[in-house]
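**Q** Below are the sequence and a predicted model; questions follow.
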Amino acid sequence: MSSHTLYRKLVDSHTVSIIDADHVLLYADLHIMNEYTSPQAFAGLREKGLRVRRPRQQMGVVDHVIPTRPVPVAARTIEIVDAAKQATNFTRNCAEHGIHLFDVDDPVQGIEHVVAPEIGLIRPGMVVLCGDSHTTTYGALGALGFGIGTSEVEHVLATQTLVYRVAKDMRIVVDGALPPGTTSKDLVLHIIARIGAQGARGYAVEYAGEAIAALSAEARMTLCNMTVEAGARAALIAPDRTTLDYVCAKVRDLDTQTLEAARNAWSQLRSDADARFDVEHRFDATRVAPYVTWGTSPDQAVPVDGLIPAATEGSGLDLATMRKALDYIGLPAGAPIEGTPIDRVFIGSCTNARIEDLRAAAQIVRGRKVASTVRAMVVPGSGMVRDQAEREGIAQVLIDAGFEWRQPGCSLCLAMNDDVLAPGERCASTTNRNFEGRQGRASKTHLMSPAMAAAAAIAGRIVDIRKELTHG
Amino acid sequence: MAEPFTITGIAAPLPVNNLDTDQIMPKQFLLGIDKSGLARGLLYDLRFDADGRAREQFVLNRPEYRGAKILLGGSNFGCGSSREHAVWGLQQAGFEAVIAPGYGEIFYFNSTNNRLLLVTLPPEQIEALITEIERSDDKQLSIDVESEVLLTSSCKRYPFSLPARQKQMLVERLYMIGMTLRQEEAIDAFEARHWAAQPWCRIDLPAQQRRPGTESQQA
């Protein structure tokens, strides 16, 4: 018997047929859709007279264009005409094909990658596809998830399969323990800063090591979610006790016997001891600091006590890239990132809008006030996260501190709805991309953890959370 | 079957790495329910200033690059969001090929599925090509897909290698869904095997009758 990586095992167990040396026909256990990358796929089916092969293995949710105004769930509507049309079209498409949709006024509505795990649809050993790059999130639960384009959405709808180029294997081992004041967000920014925005391009990344084992299921989702920012095709963490406890608490539709069999199978799902990886990286968690991005690519990140680099290194394309980023972000090269004044704070997104993220933010702001110069908002990842935060009293802590407490959606992560930064505004953001214009034309994004963003809201500038901990 | 083809046209240099799909097709152009109207959105914030006036210095606004069919980009071109709108927009604006040292994965597959040619060359060669094009009056390049060679106006040859599948998609114009549907029996057989072995992988989400999360909370 040859030995295999976890990734190869998941691919092999979902291979319908082999297409050529690099490609397989891969079966999708679950396909998740949103309103903006699916319309042309449904239109394609209609044109060709095709049906959806497995309607009950599809999940739809309106998340990208939905406004997050804090109105009651049942009263949620979309005002922007084109966005409303897109949502209505999605409702019609799902109804026509018998697909379950979490619509605009559904209490379970939320960001697709927050909703799917919390309602127990993501399980170890599954293949999950979605027309959204952050589908890598599901690797946190030992499921192979990755983003696809709209042509592929159509292919999956029609066939429940994907023509898939098998990726190479990378393992990232993280030894040691993360220091106080740091989270898996800081870890992933640290890793991306080191290996670069294309450091994992073409690879499925398996995370392992002490620091990974110590992470909660939600913290692992943050890590796997953002691994796509290193260019990875997928991210995976072998299921362990943490995974099984999380999944078994969420899964509702399996009887005791099946769940017991599943637990057994899931706990054996891992790379063989002598499996070979094409590339291996090793990181030391004890060296991770709170990270902040300074530029316009997620790999342009430094520890909060670090300096914004100068555009003197490299040549050609590298130098041009650096100059463009510095020019856009409007901060002096060589200056410390700490102390940078900010106008806005956004706590949200499929990266960092789960209950643990909101708890971390609330802990920082309890009994304090958002700086008068800052507009700060929290957009919970889903209706269930929002309800739980309200029950736990976290929502009130955030509201008392001066945060806007809003309804769920993708919101200011990509500003496709009406949550948009004004030109020139600088935002401390728990999201995943600091791309030019991502949060609004000429706006400036600094990615960081929820606690760091919360602390920035209070101070009105980027601060080092570790200094607060020593005070505490 | 296979028809040899060559793409010849003006090549516009965009010398920056990690040009993400948010920049290629900004959010405000993503609200459609069809593929139309995306030429206008292409690289919008780079092409136009805040008042909607064309930035004269930007390569696609310069007269010598008008009608460009080829884009010369940096590493990790098309990284980020999965939005296929980026590819549709490039094609609607007249682009038939991109030449870069590498591509974001999802952008790569989206391009293949839409038959947008992606040529991969090492960064040094891209930089050399950009320098040559910027200095020359003739901004044209010629890409011979069949023989996998790129030719500059000064007759410099840059051989490249096209992955078999991409070439097949381009040249033979494969209809993927149709090909997969011919394997329906294999998919049926796979499902039977798969669900017997791993029944917990079988998701069964009925349309709008019950909601797994909320329902069981009440139970």
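**A** Looks like it arrived, so ask away.

**Q** How many neighbouring residues does residue A:190 have?
**A** Using other CB atoms under 10 Å in any protein chain shown, residue A:190 has 24 other residues around it. No exception for glycine: its C-beta is placed from N, CA and C like everyone else's.

**Q** show me what contacts it?
**A** With contact taken as CB atoms under 8 Å, 6 or more residues apart in numbering or on different chains, residue A:190 is in contact with A:283, A:287-289, A:291, A:301.

**Q** hmm, 7 Å instead?
**A** When contacts are counted by CB atoms under 7 Å, 6 or more residues apart in numbering or on different chains, residue A:190 touches A:288, A:291.

**Q** Phi and psi next, for it.
**A** Phi and psi for residue A:190, reported as degrees, to the nearest 10, are phi -60, psi -50.

**Q** now it: how far from chain B?
**A** Computed as CB to the nearest CB, to the nearest Å, the residue A:190 to chain B distance reads 18 Å.

**Q** what's the answer for residue A:46, then?
**A** 11 Å.

**Q** Same check on residue A:394?
**A** To chain B, residue A:394 is 19 Å away according to CB to the nearest CB.

**Q** One more: residue A:148?
**A** Distance from residue A:148 to chain B, by CB to the nearest CB: 6 Å.

**Q** got it, and residue A:241?
**A** Taken as CB to the nearest CB, the span from residue A:241 to chain B is 18 Å.

**Q** same question, residue A:184
**A** 21 Å.

**Q** How many residues are close by that residue?
**A** Neighbours of residue A:184 using other CB under 10 Å come to 30.

**Q** per-residue confidence at it?
**A** pLDDT, residue A:184: 98.

**Q** Which phi and psi values does it adopt?
**A** Dihedral angles of residue A:184 (phi, psi; degrees, to the nearest 10) stand at phi -70, psi -20.

**Q** quick one: contacts for it?
**A** Shown in contact with residue A:184 (CB under 7 Å, 6+ apart): A:215, A:219-220, A:222-223.

**Q** let's see it at 6 Å
**A** A:215, A:219, A:222-223 (CB atoms under 6 Å, 6 or more residues apart in numbering or on different chains).

**Q** and if you look at residue A:350?
**A** Contacts of residue A:350 (CB under 6 Å, 6+ apart): A:111, A:113-114, A:134, A:225.

**Q** of all the residues you listed, which comes closest to chain B?
**A** residue A:134 (8.8 Å; CB to the nearest CB).

**Q** And the pLDDT for the closest one?
**A** 98.

**Q** hang on, the earlier thing: who wins on neighbours among the contacts of residue A:184?
**A** In terms of neighbours by other CB under 10 Å, the contacts of residue A:184 top out with residue A:222 at 31 neighbours.

**Q** Tell me how the chain divides into domains.
**A** All of this refers to chain A. A:6-165, A:168-240+A:271-287, A:291-471 (automatic domain parsing).

**Q** oops, I was thinking of chain B
**A** Taken from automatic domain parsing, chain B resolves into B:6-177, B:178-218.

**Q** between the ones you listed, which has the poorest average model confidence?
**A** domain B:178-218 (a mean of 83).

**Q** Does anything pack onto the longest strand along chain B? Which helices or strands?
**A** Ranked by number of residues, the top strand in chain B under DSSP state E is strand B:6-14. Identification of packing neighbours for strand B:6-14 by 3 or more CB pairs under 6 Å, 6 or more residues apart in numbering or on different chains; DSSP states H and E yields strand B:70-73, helix B:123-135, strand B:140-144.

**Q** Now do it against helix B:123-135: the angle between them, please.
**A** 90 degrees (axes from the mean of the first three to the mean of the last three CA atoms, to 10 degrees).

**Q** following strand B:6-14, which helix or strand comes up?
**A** helix B:21-24 (DSSP states H and E).

**Q** Following the chain onward from that following helix, which element is next?
**A** With DSSP H and E, the next secondary element past helix B:21-24 is helix B:44-47.

**Q** Apart from its neighbours in sequence, what residue is nearest residue A:378?
**A** Once flanking residues are discounted, residue A:378 sits nearest to residue A:347: 4.6 Å by CB to CB, 6 or more residues apart in numbering or on different chains.

**Q** related to what we said a few turns ago, for chain A, find the nearest of the helices and strands packed on strand B:6-14.
**A** Closest to chain A of the helices and strands packed on strand B:6-14, according to CB to the nearest CB: helix B:123-135, at 4.5 Å.

**Q** Can you give me the distance of residue A:305 to residue A:457?
**A** Distance from residue A:305 to residue A:457, counting by CB to CB, to the nearest Å: 20 Å.

**Q** higher neighbour count, these two?
**A** residue A:457 (31 against 14).

**Q** Contacts only, for the residue nearest to residue B:95 when sequence neighbours are not counted.
**A** Leaving out its chain neighbours, the residue that sits closest to residue B:95 by CB to CB, 6+ apart is residue B:71, at 5.6 Å. With contact taken as CB under 6 Å, 6+ apart, residue B:71 is in contact with B:12, B:95, B:98.

**Q** By neighbour count, sort out the buried ones in those.
**A** B:12, B:95, B:98 (16 or more other CB atoms under 10 Å in any protein chain shown).

**Q** out of these, which one sits closest to residue A:247?
**A** residue B:98 (41.1 Å; CB to CB).

**Q** May I have the secondary structure class of the closest one?
**A** Secondary structure, DSSP: H, G, I helix; E, B strand; the rest coil: residue B:98 is strand.

**Q** Which residue is the nearest non-sequential neighbour of it?
**A** Closest to residue B:98 by CB to CB, 6+ apart is residue B:71, at 4.8 Å.

**Q** Please name the bridge partners of that neighbour.
**A** Legend: beta-bridge partners of residue B:71 under DSSP bridges are residue B:12, residue B:98.

**Q** From residue B:83, how far off is it?
**A** Residue B:71 sits at a distance of 17 Å from residue B:83 (criterion: CB to CB).

**Q** what does residue A:322 give?
**A** Applying CB to CB to residue A:322 and residue B:83 gives a distance of 26 Å.

**Q** Just give me the longest strand of chain A.
**A** strand A:168-175.

**Q** for the longest helix anywhere in chain A, what is the average pLDDT?
**A** The longest helix of chain A (DSSP state H) is helix A:81-97. Averaging pLDDT along helix A:81-97 yields 97.

**Q** which other helices and strands contact the helix or strand following that helix?
**A** As assigned by DSSP H and E, the chain's next helix or strand after helix A:81-97 is strand A:100-102. If you count contacts as 3+ CB pairs under 6 Å, 6+ apart, strand A:100-102 packs onto strand A:58-61.

**Q** residues making contact with the strand it packs on?
**A** Contacts of strand A:58-61 (CB under 6 Å, 6+ apart): A:31-33, A:94, A:99-102, A:112, A:115, B:205.

**Q** One more: stretch B:144-162?
**A** Here stretch B:144-162 has contacts from B:4-6, B:119, B:121, B:125, B:132, B:136, B:138, B:140, B:142-143, using CB under 6 Å, 6+ apart.

**Q** Same check on stretch B:89-100?
**A** Under CB under 6 Å, 6+ apart, the answer for stretch B:89-100 is B:7, B:25, B:38-39, B:41-42, B:69-73, B:77, B:116-119, B:143.
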